[in-house]
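> Give me a model of this one.
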Amino acid sequence: MEYFLTEEQKMIKQLAARIADERIKPVAAELDEKEEFPWELMKVLAEADLCGVYIPEEYGGLGGGVFEQVLVVEELSRACSGVAVSYAATGLGAFPILMFGTEEQKRRYLPEIAAGRKLAAFGLTEANAGSDAGAIETTAVRDGDHYVLNGTKQWITNGGEAEIYTIIAMTDRSKGPRGATAFIVEKGTPGFEIGKREDTMGIRCVPVHELHFKNCRVPAENLLGGKEGTGFANAMMTLDRARPGVAAQAVGLAQGALEWAIRYTSERQQFGQSVMSFQAIQFMLADMAIQIEAARQLVYTAARAIDAGLPNVSKLAAMAKVMATDTAMRVTTDAVQLFGGYGYCRDYPIEKYMRDAKITQIYEGTNQIQRVVIARALTREADQLAGHLQVKVEHFPKE
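From the prediction side, this is the model:
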């Protein structure tokens with residue numbers, strides 16, 4: 001397919017694909033089995049200058065955007081979604097700094113992230129604040145030239161391995177979501193502790209931890225953007241920017257599952273012929289390919305729209321996330337079916353794709369919440385359209 005990539009984008013995609021095939025795919029099962037964080041692979045990505053594809057050149061990056069990150073995430077996910085998540089989660093932690101940080105904050109943190117010397121993470125979710133992100137309970141109280149943070153964050157991807165954390169806390173509860181503020185918290189800050197690691201079904205090489213803040217004193221200079229009360233807006237805009245990355249993860253792992261399914265069904269013999277020669281199997285593979293390509297086109301469109309600075313990208317980002325992740329779940333489930341009994345065994349690679357796919361429908365906003373986002377956008381558009389048209393019932397022809 002022609003995706004109208006620039007020469008630089010083609011090089012980025014090809015480089016990521018080569019790393020996925022040559023370095024990641026051979027160790028994906030081992031990383032999953034041992035639940036080991038892929039530090040060696042993170043170093044490989046850093047040496048290939050892929051860690052900063054979405055970071056401007058003045059901060060040590062390659063000067064690309066969300067689209068370039070999407071290209072990398074998709075290719076890495078073909079081989080191992082866990083490795084891709086470790087890479088993409090740093091982008092999630094870096095986006096708030098990139099979009100809302102002061103110039104001093106950008107110059108302090110982004111070059112380290114772009115070079116791959118430090119990973120980042122994003123701390124919004126709590127036990128009682130998942131889909132209801134405005135219900136966060138972690139607090140931040142000003143004390144001289146510091147803020148004192150108290151509370152617990154949960155399900156934080158790259159928790160423990162990241163060095164730089166963007167944390168959302170309440171500075172004024174009376175204002176509700178408008179009282180939330182974002183902070184940059186460095187690993188090792190007194191009072192900041194890494195808590196329990198979750199035992200996850202998929203993406204098992206990625207650490208997902210609780211984060212505990214116990215009278216954690218954060219310098220006032222680490223107040224993101226130097227402003228209180230913008231944390232909730234910062235978080236929502238960050239998630240809009242990051243959702244195409246989750247969608248790209250889903251497209252990549254669906255593509256990887258399809259490639260394994262094609263290989264297996266073309267080699268597997270039943271009734272004296274390849275399984276792939278049966279029309280029922282061909283139709284399944286065709287539907288899988290159609291769904292993946294449709295999702296990919298929507299993901300690319302969303303990423304390009306964000307990079308172009310188009311307004312109201314929330315709906316498009318949500319659409320891409322829903323379609324791609326639902327597609328990933330369908331495709332990987334069908335791929336397991338095509339492998340038959342072998343698909344249910346861990347000796348074969350395909351069951352891992354199915355386990356990894358499920359989380360994409362849940363994190364960075366469940367698909368149910370994404371449908372709420374889309375529906376609200378449609379409601380606003382309907383109101384605007386009605387205002388422009390001022391249509392009255394009597395204007396329509398009578399039967």
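
> Could you list the low-confidence segments of the protein?
388-399 (pLDDT under 70).

> can you list the domains in it?
7-119, 121-229, 232-380 (the TED database).

> Compare those domains and report which one is nearest to Met1.
Closest to Met1 of the domains of the chain, according to CB to CB: domain 232-380, at 7.0 Å. C-beta here means a position set from N, CA and C on the backbone, and glycine is covered the same way.

> sorry, back to before: can you lay out the domains of the chain as TSV showing distance to Ala386 and mean neighbour count?
Below are the domains of the chain laid out as TSV (distance: least, CB to CB, whole Å; neighbours: other CB atoms under 10 Å):
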stretch	distance to Ala386	mean neighbour count
domain 7-119	33	21
domain 121-229	29	19
domain 232-380	11	20
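
> got those as TSV, with distance to Met1 columns?
Formatted as TSV, the domains of the chain follow (distance: least, CB to CB, whole Å):
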stretch	distance to Met1
domain 7-119	12
domain 121-229	27
domain 232-380	7
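
> Minimum distance to Gly387: which of those domains has it?
Of all these, domain 232-380 sits nearest to Gly387, with 10.8 Å by CB to CB.

> packing partners for the helix or strand that contains Arg18?
In this structure, Arg18 sits in helix 7-19 according to DSSP states H and E. Judged by 3 or more CB pairs under 8 Å, 6 or more residues apart in numbering; DSSP states H and E, the packing partners of helix 7-19 are helix 39-47, helix 66-79.

> Please repeat the previous calculation with a cut-off of 6 Å.
Helix 7-19 is packed against helix 66-79, with contacts defined by 3 or more CB pairs under 6 Å, 6 or more residues apart in numbering; DSSP states H and E.

> ok, residues contacting the following helix or strand past the helix it packs on?
For helix 66-79, the following helix or strand on the C-terminal side (DSSP H and E) is helix 81-100. For helix 81-100, the surrounding residues in contact (CB atoms under 6 Å, 6 or more residues apart in numbering) are 24, 38, 41, 69, 73, 76-77, 105, 109, 113, 119-122, 157-158, 166, 182, 203, 205-206, 224-225, 234, 238, 241-242, 245, 249, 253, 356.

> Tell me which helix or strand comes right after helix 81-100.
Next element after helix 81-100 (DSSP H and E): helix 103-114.

> Okay, angle between that next one and helix 39-47 too, please.
120 degrees (axes from the mean of the first three to the mean of the last three CA atoms, to 10 degrees).

> Summarise which helices and strands the following helix or strand past helix 103-114 is packed against.
As assigned by DSSP H and E, the chain's next helix or strand after helix 103-114 is strand 120-123. Contacts defined by 3+ CB pairs under 6 Å, 6+ apart place strand 120-123 against helix 81-100, strand 146-157, strand 164-170.

> got these as a markdown table, with distance to Ile55 columns?
Converted to a markdown table, the helices and strands packed on strand 120-123 look like this (distance: least, CB to CB, whole Å):
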| stretch | distance to Ile55 |
| --- | --- |
| helix 81-100 | 7 |
| strand 146-157 | 19 |
| strand 164-170 | 13 |
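
> Between these, which one is closest to Asn312.
Judging the helices and strands packed on strand 120-123 by CB to CB, what sits closest to Asn312 is helix 81-100, at 16.3 Å.

> Gln291: what secondary structure?
Assigned with DSSP: H, G, I helix; E, B strand; the rest coil, Gln291 falls in the helix class.

> Leaving out the residues flanking it, which one is nearest to it?
Spatial nearest neighbour of Gln291, chain neighbours left out: Thr327 (4.5 Å); criterion: CB to CB, 6 or more residues apart in numbering.

> which SSE is that neighbour in?
Here Thr327 is assigned to helix 314-338, by DSSP H and E.

> could you check the angle helix 81-100 makes with that helix?
Relative orientation of helix 314-338 versus helix 81-100 (the same axes, to 10 degrees): 180 degrees.

> Residues contacting helix 314-338, please?
Counting by CB under 6 Å, 6+ apart, residues outside helix 314-338 touching it are 240, 243-244, 246-247, 250-251, 253-254, 257, 261, 265, 284, 288, 291, 295, 298-299, 302, 305, 343, 350, 353-354, 357, 360-361, 367, 370, 373-374, 377.

> following it, which helix or strand comes up?
Next along from helix 314-338, by DSSP H and E: helix 350-360.

> Next, the angle helix 314-338 makes with that following helix.
160 degrees.

> Which element, helix or strand, includes the most centrally placed residue in the chain?
The residue lying closest to the centre of the chain (CA atoms, centre = their mean) is Val246, at 3.3 Å. Element membership for Val246 (DSSP H and E) is helix 231-267.

> What's the separation between Arg243 and Ala20?
22 Å (CB to CB, to the nearest Å).

> who's in contact with the residue nearest to the centre of the chain?
Lys321, Thr360, Glu364.

> try 10 Å this time
70, 73, 84-85, 88, 92, 239, 299, 317, 320-321, 324-325, 328, 359-365 (CB atoms under 10 Å, 6 or more residues apart in numbering).

> So for Ala135, which of the helices and strands packed on strand 120-123 sits nearest?
strand 164-170 (9.9 Å).

> Toward the C-terminus, what is the element adjacent to that closest one?
Taking DSSP H and E, what comes next after strand 164-170 is strand 180-186.

> That following strand relative to strand 146-157, how many degrees between them?
Using the same axes, to 10 degrees: strand 180-186 against strand 146-157 is 80 degrees.
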